[in-house]
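Engineer: model this:
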Amino acid sequence: MFNNPYFDLIQTAVLTVGFIIFACFALGYLAKWVSKKRGAPSFKQQDVFAGYFFAAPWIVGFLIFVLIPLLFSLYWSFTDYRVTATTPANWVGLENYANLLTKDEGFRASIINTLYLTVIGLPLQMGAALFLAVLLNQKIPGERIFRMGFYLPVILGFNTAVLLVWRLMLNTGTGIINQIIRAATNAIPPLGYVVRAAIYVQEVVTAFFLGLSSGKFNLLNKVIETGFPAANRVPMWVESPLWTKMSVILLMIWGCGAMMLIFLAGLNNIPAELHEAAEVDGASRIKRFFKISLPLLTPYIFYNLVVGLINSLQIFEPIFVLYRDNQPLLSSTISMVYYLWQKSFSHFEIGYGSAISWVILVFILIVTLIQFRLQKRWVNYDLY
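Structural biologist: Okay, the predicted model is just below:
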């Protein structure tokens, strides 16, 4: 009976609950004792005990699962620690960081790929969110159903099942997305030229970024020499290195529901009197949007920009599910966080992976601080 895995599971659960209860009482009594030493009255001591008792699960969890691993990661980043090594980790100082920033071409490629997803994908994601928010701000029948439908991708998230469905949808030959594109271009012939032009521009831009990653621009020259795509050409979402990053961007746009809700809340907070006065003066809807709504939405744009930038710099799940088993395409879409996972949990180079994680952290902090410094130039808080 004692070798039963279910018994081990129950035993672990009981011990975990017992540890949490013990931590709650221990931290509560410790805080009460400190409060007593400071001369607090008895009722104040009881309040301190109750506060720390209920906050203890979060505090202990933060210490065990965040702070302590963070310190270990910082230490390991200065060592050559490997999980599979039989010898203890050696202190190498800044060697991991020097190799990472000056010699590692794979990390350089991951930075360029991540910048592509951020510079191109984030504006498209925010634009789609703002467009949907403006549409849903109209008082139409069934608006709650539409809001739920557009927010549903956020609830589903980037889990494996959803991403595998997207992988089928993005198939070049049988995927429903390309079938819709073919049907639309056949029904509206001028639309075919627009699609082909978009394909050409996208492939030229992607080939340029791939050239920056590898240091060779042979693919860019080949795309330019091939010229304008042939008729009935469709995107090769998961079959070509020229489209791997765009397929990830498409998933980013699909998951813009959280940004949409933020923009929708901002639109609802704009005083209706401003639009009514502008309408009386003869301003059109487009002019009212750019002169009234957009300037007053800048705090919400700034929030979505900061959060969206952090998320795009940490993107991992779509790349892992769509391209992990497709090595020829993986290098064209690998992100910084995927490169971190690859070094840490595939190659078991924990020391080097820890250095990558700290470089990513510093990079995100710098970009975020720059955004906060620049917000004074364009963010308008007058009505808030």
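
Engineer: Skip ahead from the strand or helix carrying Tyr303 and say which helix or strand is next.
Structural biologist: Using DSSP states H and E, the element containing Tyr303 is helix 298-313. Where DSSP H and E defines the elements, the next helix or strand beyond helix 298-313 is helix 317-323.

Engineer: hmm, who's touching that following helix?
Structural biologist: Contact with helix 317-323 is made by 158-160, 163-164, 166-167, 238, 244, 247-248, 251, 329-330, 333-335, 338, 341, as judged by Cβ atoms under 8 Å, 6 or more residues apart in numbering. No exception for glycine: its C-beta is placed from N, CA and C like everyone else's.

Engineer: So how do I select the buried members of these in PyMOL?
Structural biologist: Here is the PyMOL selection string for the buried members of those, based on 16 or more other Cβ atoms under 10 Å:
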select buried, resi 158+163+166+167+238+244+247+248+251+329+330+333+334+335+338+341
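
Engineer: From the contacts of helix 317-323, which land in strands?
Structural biologist: Using DSSP state E, the subset of the contacts of helix 317-323 located in strands is empty.

Engineer: Can you flag which of the contacts of helix 317-323 belong to helices?
Structural biologist: 160, 163-164, 166-167, 244, 247-248, 251, 329-330, 338, 341 (DSSP state H).

Engineer: closest to Tyr151 among these?
Structural biologist: Using Cβ to Cβ, Leu251 comes nearest to Tyr151 of the ones in helices among the contacts of helix 317-323, at 15.8 Å.

Engineer: list the contacts for the closest one?
Structural biologist: Counting by Cβ under 8 Å, 6+ apart, Leu251 touches Phe158, Leu163, Trp166, Pro318.

Engineer: May I ask which two of the residues you listed are separated the most?
Structural biologist: Comparing every pair within those by Cβ to Cβ identifies Phe158 and Trp166 as the most remote, at 9.3 Å.

Engineer: which intervals of the chain have sub-threshold pLDDT?
Structural biologist: 1-2, 383-384 (pLDDT under 70).

Engineer: In this structure, which helix is the longest?
Structural biologist: Per DSSP H, the chain has its longest helix at helix 5-37.

Engineer: Would you pull up how far that one lies from the middle of the chain?
Structural biologist: 35 Å (Cα atoms, centre = their mean, to the nearest Å).

Engineer: Which strands and helices lie in contact with that helix?
Structural biologist: helix 42-62 (3 or more Cβ pairs under 8 Å, 6 or more residues apart in numbering; DSSP states H and E).

Engineer: What is the helix it packs on packed up against?
Structural biologist: Using 3+ Cβ pairs under 8 Å, 6+ apart, helix 42-62 sits against helix 5-37.

Engineer: Name the residues of the helix holding Tyr303 that are buried.
Structural biologist: For helix 298-313, by 16+ other Cβ under 10 Å, it's Thr298, Pro299, Tyr300, Ile301, Phe302, Asn304, Leu305, Gly308, Leu309, Asn311, Ser312, Leu313.

Engineer: Return the residues in contact with the last one.
Structural biologist: For Leu313, the contacting residues are Thr114, Thr118, Met336, Val337, Ile360, Phe363, Ile364, Val367, by Cβ under 8 Å, 6+ apart.

Engineer: try 7 Å this time
Structural biologist: Going by Cβ atoms under 7 Å, 6 or more residues apart in numbering, Leu313 touches Thr114, Thr118, Met336, Ile364.

Engineer: Would you check that the third one makes contact with Ile360?
Structural biologist: I take that to be Met336. Yes: counting by Cβ atoms under 7 Å, Met336 touches Ile360, with 5.4 Å between them.

Engineer: shared neighbours of the two, which are they?
Structural biologist: Counting by Cβ under 7 Å, 6+ apart, nothing touches both Met336 and Ile360.

Engineer: more crowded one of these two?
Structural biologist: Met336 (24 against 21; other Cβ atoms under 10 Å).

Engineer: got a list of what the more buried one touches?
Structural biologist: Met336 makes contacts with Ser110, Ile111, Thr114, Leu313, Ile360, as judged by Cβ under 7 Å, 6+ apart.

Engineer: any chance of those residues in JSON lines, with distance to Ser35 too?
Structural biologist: As requested, these are exported to JSON lines (distance: Cβ to Cβ, whole Å):
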{"residue": "Ser110", "distance to Ser35": "50"}
{"residue": "Ile111", "distance to Ser35": "49"}
{"residue": "Thr114", "distance to Ser35": "48"}
{"residue": "Leu313", "distance to Ser35": "42"}
{"residue": "Ile360", "distance to Ser35": "40"}
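
Engineer: Show me the two of those that sit farthest apart.
Structural biologist: Longest span within these, Cβ to Cβ: Ser110 and Leu313, 10.9 Å.

Engineer: the domain parsing of this structure - what is it?
Structural biologist: According to automatic domain parsing, the chain is divided into the following domains: 5-68, 77-159+246-384, 173-235.

Engineer: Centre-most residue in the protein?
Structural biologist: Centroid check for the chain by Cα atoms, centre = their mean gives Asn311 as the closest residue, at 2.4 Å.

Engineer: For Trp358, see how far away that residue is.
Structural biologist: To Trp358, Asn311 is 19 Å away according to Cβ to Cβ, to the nearest Å.
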